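In: Got a predicted model here, sequence first, then my questions.
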Amino acid sequence: MTEPAGADHALLSVDHLSVAYGAIRALRDVSLHIQAGQIVALIGSNGAGKTTLLRTISGLLRPADGTIRWNGDDLHTLAPHRIVRKGICHVPEGRQIFANLSVRENLILGAYSLPHDKASVQSAMRNVFDLFPILDERKHQNAGTLSGGEQQMLAIGRALMGQPKLLLLDEPSLGLAPLIVRKIFQIIRDINARGTTIFLVEQNAHMALTIAHRGYVLQSGQVQLHGPADRLLQDPQVKEAYLGG
Ligand SMILES: Nc1ncnc2c1ncn2[C@@H]1O[C@H](COP(=O)(O)OP(=O)(O)OP(=O)(O)O)[C@@H](O)[C@H]1O
Ligand SMILES: [Mg+2]
């Protein structure tokens, strides 16, 4: 499949990536490009390899083959903390907040890649509270006592504390009620409008493609389709498999 014009100038370029867990090949020859300023959606069924791809971009898994480049520089050889420092922050599947720490303490942990002066941490936190006023109201509450939607907001807020250029989101809508899902998607749009590029993994294909500029469909570890999000929304194969016919 041909890549879009401008793939050479992508912020993030994944080329011919293969990742295996022992004998299990989770990703095979995956190529994908993310342009600065965009929201790019990755959709696919359970087990397609979406989380594996995000974890490989973040340096938590090493590829068996292929490359990941950031503004043209190799990323796939770097340790996770150096990848965060480049400006890539990951909101993991299942949120993984610290339940016994307060909202504020969770946010401070997200700032570990920033210069450790109080002023930059405070300013990052003000930005997060501006996007999520509820987190400001709940800042002294234990994170484990937040609602599911609030926990997702905290997980996103914690990643934003690292002031990312690229935000990786792994199924932010999982397990949330429709009203909260709409709210989360609106916030993802706002984050993008403020200048952060977004790579959004979702099983809610309709919502994801509605807010995305471009999309990729992953099936059994391979890219099956990609293109402008509005075109994927109209694609008969996508409609049949991911949009409920
Ligand atoms: N630690 C692991 N060891 C062995 N196999 C794994 C491991 N993690 C994932 N896999 C396998 O790799 C494949 C891709 O898994 P992955 O979690 O990336 O899929 P996914 O698209 O994120 O699925 P879901 O939508 O359910 O989150 C699956 O077949 C899974 O069983
Ligand atoms: Mg997953």
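Out: Arrived safely, thanks for sending. Numbering: from 1, shown residues only. Ligands and ions are numbered 1, 2, ... in the order given.
In: before we move on, what SS does the spatially closest residue to residue 50 that is not a sequence neighbour have?
Out: Closest residue to residue 50 apart from its sequence neighbours, by Cβ to Cβ, 6 or more residues apart in numbering: residue 201 at 4.5 Å. The way it works is simple: take the backbone N, C-alpha and C, and place the C-beta from them, glycine included. Of the three states, residue 201 takes strand under DSSP: H, G, I helix; E, B strand; the rest coil.
In: Next: residue 17.
Out: Here residue 17 is strand, with the state taken from three-state DSSP.
In: Within range of ligand 2, give me the residues from this structure.
Out: Listed as neighbours of ligand 2 in the chain under the rule Cβ under 5 Å from the ion: 50, 51, 93.
In: Check the offset of the helix or strand the second one falls within from the chain's centre.
Out: Right, the one you point to is residue 51. Using DSSP states H and E, residue 51 sits in helix 50-57. The chain centre lies 9 Å from the centre of helix 50-57; the measure is Cα atoms, centre = their mean, to the nearest Å.
In: Contacts for that helix, please.
Out: Here helix 50-57 makes contact (Cβ atoms under 8 Å, 6 or more residues apart in numbering) with 12, 14, 17, 19, 26-27, 30, 32, 42-44, 61-63, 68, 75-76, 83, 88, 90, 92-93, 168, 170-171, 199, 201, 218, 221.
In: which of those residues count as buried?
Out: Neighbour-count burial (16 or more other Cβ atoms under 10 Å) is assigned, among those, to 12, 14, 17, 19, 26-27, 30, 32, 42-44, 61, 63, 68, 75-76, 83, 88, 90, 92-93, 168, 170-171, 199, 201, 218, 221.
In: Run through those residues and flag the ones next to ligand 1.
Out: Subset of those in contact with ligand 1: 26, 44, 93, counting by Cβ under 6 Å from any ligand atom.
In: Wait, residue 159 touches residue 87, no?
Out: No: using Cβ atoms under 8 Å as the test, residue 159 is too far from residue 87 to be in contact (11.3 Å).
In: Spell out which parts of the chain neighbour ligand 1.
Out: 21, 24, 26, 44, 46-52, 93, 203.
In: More neighbours: which of residue 159 and residue 87?
Out: Taking other Cβ atoms under 10 Å, residue 159 and residue 87 do not tie; residue 159 has more neighbours (23 against 18).
In: And the pLDDT at that one?
Out: pLDDT, residue 159: 96.
In: List the contacts of it.
Out: 89, 90, 91, 110, 167.
In: Please settle this for me: is it part of a helix?
Out: Yes: using three-state DSSP, the assignment for residue 159 is a helix.
In: Whichever residue of the chain sits closest to ligand 2: neighbouring residues, count only.
Out: Per Cβ to the ion, residue 51 is where the chain lies closest to ligand 2, at 3.1 Å. Neighbourhood size, residue 51 [other Cβ under 10 Å]: 18.
In: if I look at it, how far off is residue 43?
Out: The spacing between residue 51 and residue 43, counted by Cβ to Cβ, to the nearest Å, is 13 Å.
In: who touches both of those two?
Out: residue 201.
In: before we move on, the earlier item: for the residue nearest to residue 50, report the pLDDT, please.
Out: 98.
In: ok, now residue 5?
Out: Per-residue pLDDT puts residue 5 at 47.
In: before we move on, back to that, identify, from the residues of the chain next to ligand 2, the entry nearest to residue 237.
Out: Taking Cβ to Cβ as the measure, residue 237 lies nearest residue 50 of those, at 17.7 Å.
In: can you pull the buried residues of the helix ranked longest in the chain?
Out: Counting residues, the longest helix in the chain under DSSP state H turns out to be helix 178-193. For helix 178-193, the neighbour count (16+ other Cβ under 10 Å) marks 180, 181, 183, 184, 185, 187, 188, 191, 192 as buried.
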